[in-house]
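> fold the stuff below for me.
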Amino acid sequence: MSPATKAQDVQVFPVAANTRVLRSRTWDRLKFEIEYALQKGTTANSYLIEGDKIALLDPPGESFTTIFLDALRSRIEPQKINYLILGHINPNRATTLKALLEIAPQITIVCSNPAAISLRKILADRELNIQIIKGEDTLDLGQGHVLEFIPTPNPRYPDHLCTYDTKTEVLYTDKIFGCHVCGDRVFDEGWTVDLEDRRYYFDCLMAPHARQIMVSLDKLAEKPARVYATGHGSLVRYSLIELTADYRTWVQQQNQRESSIALIYASAYGNTATIASAIARGITKAGVAVESINAESAKPEEIKTAIDKSAGFIMGSPTLGGHAPTQIQSALGIVLANAAKTQLAGVFGSFGWSGEAVDLLENKFRNAGYKFGFEPIRVKFTPTDAVLKTCEEAGTDFAQALKKAKRDRTKVRQAQGIDSDVDRTAKAVGRLVGSMCIVTTKKAEVSGAMLASWVAQATFNPPGLTVAVAKERAIESLLFKGNNFVLNVLPEGQHIPLMKHFLKPFAPGEDRFKGVATEEASNGSIILSDALAYVECQVANRMECGDHWLVYAVAEQGKVLDFESVTAIHHRKSGTHY
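The predicted structure follows:
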């Protein structure tokens, strides 16, 4: 099945003995979430285990309700399903659950206690038969299928629950180990093609909860799994060892970062949590750790501990009935009582008709004398792509402000004669030169640009080049495999105005091209009219290199605009900075 033939369908495939996956698929982006930003579609994987008793795991969200239930009926009579096991619950998934219970009211729902609390709120008008998992409980379906449950909560999903089938050795991981791509591969054959997508998914959903994810990985390691049955993307069989090792490496990288930021929020309808994810993504890509805390489930001592060890804090809240939720007001009191005045502050929130909660947080912190790392973010209704990009940039700005303060303290120490040894290697590396260029790109309503001097031709056939992009650059998230950009080469002696324009700090969401002469490239990106030459490129690959991504792109077409000038060259004195 391809996007040209059908936008949605359900793929049913055997996974193990008496076990099938129902993959609800779409090649379209479902909603505005930072985790969907690569726009490669997604699959919502549900599972059916048919022993003497029958269990259904993780029905999809409301986008797939009709096609999923049709596919389920074609496989089994819903009235024969005994158990519905939920890895997590949200209002989106509850829509499908409600429709399922209409045709199969006999089902016993198996879930964690936080999920049960949410279910009773979401489906308050319905009598529910719920079996709550309090620890590592088991459920015997017969024919050897004994299910073991592993609670794996984190702030974004406090109700998260994994399930292990002792007979088939299939580990149902729900959100963990997934990625948002759509295709025909049920399992991860040729798994290296998914590396970028799995890493991006981790960075968006898992990195802000690194401490809790490591605890979950340790729990899951006790189960001898043959397959990770993920909630999204292809099932993990062939890269099981490699992906597990990657997750541990990525988590350790987060936990080993020196600076951290406490990100405290509550979310009534999911919009504030979406904004929090975008801000967290911006922080982590800048090399600073995030301790994400859901005020609705966190204990007071957790909030206090996070504040005590953080270099800054950010609070987010929805506005309900003109007020911040009780949990946010309680968390606010803890923050004000424990945060040092030297800590950087940030405020964000979503609302439907008014934004009093954001105003409350902002006024409290300003009156208390805290400095802000970005201007308060107020989002009405559901955030758009452009809004999420602005939130990501705000998170990066916040992290960069903390890093700058740390660098300033280091300079003071060096001026006092501490750590003042000459770095001869850095001086030698600094003698490498590069051409002065501006990388520009545009994707739908989001655009970006950056000054680049670490550029080199890489291949003759196809004609290709590499650009080194710092992880904290706002444009980095627009330069994934398949994305287009333009490399604008600057002319010597005439490059200063453009260089100064793109060197200046831009506010989150600010138009990078205001006051600059431009035209549209054939690949949809932006050409600078005053460039010496330009090359239209498509990203073919990326490699992670320390604090930068090395982007390899194929040059598809280009043009010299000024045959009289030569390329501007950047000379440096040290290899420790641009």
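
> and residue 559, what does it touch?
533, 534 (C-beta atoms under 8 Å, 6 or more residues apart in numbering). In short, each C-beta sits where N, CA and C put it, glycine included.

> looks like residue 185 contacts residue 236 (just checking).
No - look at residue 185 against residue 236 with C-beta atoms under 8 Å: they stay out of range, at 11.3 Å.

> neighbour count: those two, which is higher?
Legend: neighbour count by other C-beta atoms under 10 Å for residue 185 and residue 236, higher for residue 236 (26 against 15).

> can you tell me what sits against stretch 536-550?
Contacts of stretch 536-550 (C-beta under 8 Å, 6+ apart): 196, 287, 454, 464-471, 476, 479-487, 521-523, 525, 551-558.

> and the residue nearest the centre of the chain, how far is that from residue 391?
Nearest to the mean C-alpha position of the chain, by C-alpha atoms, centre = their mean, lies residue 204 at 1.4 Å. Using C-beta to C-beta, to the nearest Å, residue 204 is found at 12 Å from residue 391.

> and residue 191, by the same measure?
Distance, residue 191 to residue 391, by C-beta to C-beta: 31 Å.

> do residue 199 as well
20 Å.

> comparing the two, which residue is more hemmed in?
residue 391 (28 against 17).

> what's the more buried one in contact with, if anything?
Residue 391 sits next to 275, 278, 279, 282, 348, 377, 379, 383, 508 when contact means C-beta under 8 Å, 6+ apart.

> hey, where'd the helices end up in the stretch 401-550 of the chain?
424-429, 496-503 (DSSP state H, counting those that start in this stretch).

> of these, which is nearest residue 303?
Among the helices of the stretch 401-550 of the chain, the nearest to residue 303 by C-beta to C-beta is helix 496-503 (38.8 Å).

> centre of the chain to the closest one, how far?
Distance, stretch centre to chain centre, for helix 496-503: 31 Å (C-alpha atoms, centre = their mean, to the nearest Å).

> quick one: mean pLDDT for that helix?
Mean pLDDT, helix 496-503: 95.

> picking that back up, deepest of the helices of the stretch 401-550 of the chain, which one?
helix 496-503 (a mean of 15; mean count of other C-beta atoms under 10 Å).

> what residues does that one touch?
Helix 496-503 is contacted from outside by 436, 438, 449-451, 490, 512, 515-516, 528, 530-531, 568, using C-beta under 8 Å, 6+ apart.

> if you set the cut-off to 7 Å instead, what comes out?
For helix 496-503, contacts defined as C-beta atoms under 7 Å, 6 or more residues apart in numbering pick out 436, 438, 449, 450, 451, 490, 516, 528, 530.

> now list the buried members of these.
436, 438, 449, 450, 451, 490, 516, 528, 530 (16 or more other C-beta atoms under 10 Å).

> closest to residue 322 among these?
Using C-beta to C-beta, the buried ones among the contacts of helix 496-503 come closest to residue 322 at residue 449, 40.5 Å.

> name whatever forms a beta bridge with that closest one.
Beta-bridge pairing for residue 449 (DSSP bridges): residue 440.

> pretty sure it contacts residue 511?
No - if you go by C-beta atoms under 7 Å, residue 449 and residue 511 don't touch, sitting 10.0 Å apart.

> now do the contacts for residue 494.
Counting by C-beta under 7 Å, 6+ apart, residue 494 touches residue 565.

> that one and residue 478: what is the separation?
Residue 494 sits 27 Å away from residue 478, going by C-beta to C-beta.

> equivalent analysis for residue 361, please.
Distance from residue 361 to residue 478, by C-beta to C-beta: 30 Å.

> out of those two, which sits in the more crowded spot?
residue 361 (27 against 24).

> quick one: contacts for that one?
Shown in contact with residue 361 (C-beta under 7 Å, 6+ apart): 315, 317, 332, 347.

> please settle this for me: is it part of a helix?
Yes - assessed by DSSP: H, G, I helix; E, B strand; the rest coil, residue 361 belongs to a helix.

> what pLDDT does it get?
Note on residue 361: pLDDT of 97.

> separation between it and residue 211?
Computed as C-beta to C-beta, the residue 361 to residue 211 distance reads 25 Å.

> how about the helices in the stretch 251-400 of the chain?
Assigned by DSSP H, counting those that start in this stretch, the helices in the stretch 251-400 of the chain fall at 271-285, 300-309, 326-338, 356-367, 385-415.
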